[in-house]
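> Just the structure for this:
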Amino acid sequence: MDCSDHVFRRRNFRSVVAKLFFCTVMSIPLITSAEGFRIETAVYYGDEEQPTLETTTLFLDGVVYDFLAEPEQTAVFRKATGGKPGRFILLDRQQRIRTELSTEKIAGAMAKLRTWAARQSDPFLQFAADPQFKESFETETGRLVLASHLESYTVATTRVERAHALAEYREFLDWYTQLNTLLSAGPPPEPRLRLNAALARHEVVPLKVELARSGEKEPLRAEHKFIWRLSDEDVQRIDDVRASLASYRAVPNEEYLRSTQKH
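Coordinates of the predicted model:
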């Protein structure tokens, strides 16, 4: 996944991911075959050679499984179907608890956050509520730039032939960006959402994303590797998650947050 921006927004991403929510899933059959695809992400600060964060994101049958390497956390995203809103199903393996947060709740919180930020005197909050970028895209090289006086994205991209996969990726990325903003009490996610929209408009996915922000000495970067099939190991990881959900104790959001913040 392009989970770079939830790191870009805050350096305490590990604690943010530990706040994720999970929901009840009963009697889900194990996977016997799959097509799907995966994304491997590594995030770096400045010129660091070792990644600060590593994730693997698996897409299968309209469901997304995101695995954070350290600390070990799992997030599952189910898109809206049959008139029901999408939801994040997030799991804490250490305490064997789960909870759920709907996309409706996330959208409502983001609307209030944008309204609040737009009324503030802080220039960055005002910018984040309704960012204006100068966009450029080089078709031959795939270089995408969103520039402003407060922050700028420079992205190395590649084209995607699988339109369905691109749509799945975009939907998940948009909602996950907003979820992370909600959990981390960060500024409005509009800058990253504008980048997501630009990627979709040009029908590309990011290979490397660099974020430079005014007043910060160290730029941030995320490197992504897209693999357009799932391995046997990937399928087994999904099977393990789906088979274990019924045994985890469902808890309210507030209890989940309190419990996961302890470790």
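> quick one: low-confidence parts of the protein?
Within the chain, the segments meeting pLDDT under 70 span 1-34, 71, 261-263.
> show me where it has helices.
4-9, 13-17, 103-118, 123-129, 163-184, 190-201, 232-244, 253-260 (DSSP state H).
> who wins for proximity to Y153 among these?
helix 190-201 (5.2 Å; C-beta to C-beta). (Glycine included, C-beta is placed from N, CA and C.)
> Report the angle between the closest one and helix 163-184.
Orientation check (axes from the mean of the first three to the mean of the last three C-alpha atoms, to 10 degrees): helix 190-201 against helix 163-184 gives 180 degrees.
> So for helix 190-201, what gets flagged as buried?
Residues 190-196, 198-200 are the ones in helix 190-201 that count as buried (16 or more other C-beta atoms under 10 Å).
> do the same with stretch 156-176
156-157, 160, 165-166, 168-176.
> closest to P131 among those?
So of those, ranked by how close each gets to P131 (C-beta to C-beta), first place is D174, at 15.0 Å.
> Next one: the nearest residue to the closest one once chain neighbours are set aside from G108, what distance?
Closest residue to D174 apart from its sequence neighbours, by C-beta to C-beta, 6 or more residues apart in numbering: N196 at 5.6 Å. Look at N196 and G108: by C-beta to C-beta, to the nearest Å, they are 20 Å apart.
> Same question for E161.
The gap separating E161 from G108 is 36 Å, by C-beta to C-beta.
> and if you look at D234?
In terms of C-beta to C-beta, D234 sits 34 Å off from G108.
> Of the two, which one has the most company?
When D234 and G108 are compared on other C-beta atoms under 10 Å, the one with more neighbours turns out to be D234, at 22 against 12.
> Assess the claim that the more buried one and F37 are in contact.
No - counting by C-beta atoms under 8 Å, D234 sits too far from F37 to count as a contact (9.3 Å).
> intersection of neighbour lists for these two?
L58 (C-beta atoms under 8 Å, 6 or more residues apart in numbering).
> the residue most distant from the middle of the chain, which is it?
S121 (28.7 Å; C-alpha atoms, centre = their mean).
> Over to it: give its phi and psi.
Note on S121: its backbone torsions stand at phi -90, psi -20 [degrees, to the nearest 10].
> on that earlier part again, if I read this right, the residue nearest to D174 contacts E171, doesn't it?
No - using C-beta under 8 Å, N196 is not in contact with E171, being 9.7 Å away.
> circling back: mind giving me TSV with the helices of the chain and columns for distance to G215?
Listed next are the helices of the chain as TSV, based on distance: least, C-beta to C-beta, whole Å:
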stretch	distance to G215
helix 4-9	14
helix 13-17	20
helix 103-118	18
helix 123-129	9
helix 163-184	19
helix 190-201	15
helix 232-244	40
helix 253-260	30
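> Which one of these lies nearest to F137?
So among those, helix 190-201 is nearest, using C-beta to C-beta, at 7.5 Å.
> What is the closest one packed up against?
In terms of contacts (3 or more C-beta pairs under 8 Å, 6 or more residues apart in numbering; DSSP states H and E), helix 190-201 is packed against helix 4-9, helix 123-129, strand 143-147, strand 151-159, helix 163-184, strand 204-213.
> mind running it again at 6 Å?
Packed against helix 190-201 by the contact rule (3 or more C-beta pairs under 6 Å, 6 or more residues apart in numbering; DSSP states H and E) you find helix 163-184.
> name the helices or strands packed onto the helix it packs on?
Under the contact criterion of 3+ C-beta pairs under 6 Å, 6+ apart, helix 163-184 touches helix 13-17, helix 103-118, helix 190-201.
> change it to 8 Å
helix 4-9, helix 13-17, strand 53-60, strand 63-68, strand 73-78, strand 87-92, helix 103-118, helix 190-201.
> Name the stretch among the ones you listed that sits most buried.
Compared across the helices and strands packed on helix 163-184, helix 4-9 shows the largest average neighbour count, a mean of 26 (mean count of other C-beta atoms under 10 Å).
> any idea how far stretch 93-104 is from the chain center?
Stretch 93-104 sits 16 Å away from the centroid of its parent chain (C-alpha atoms, centre = their mean, to the nearest Å).
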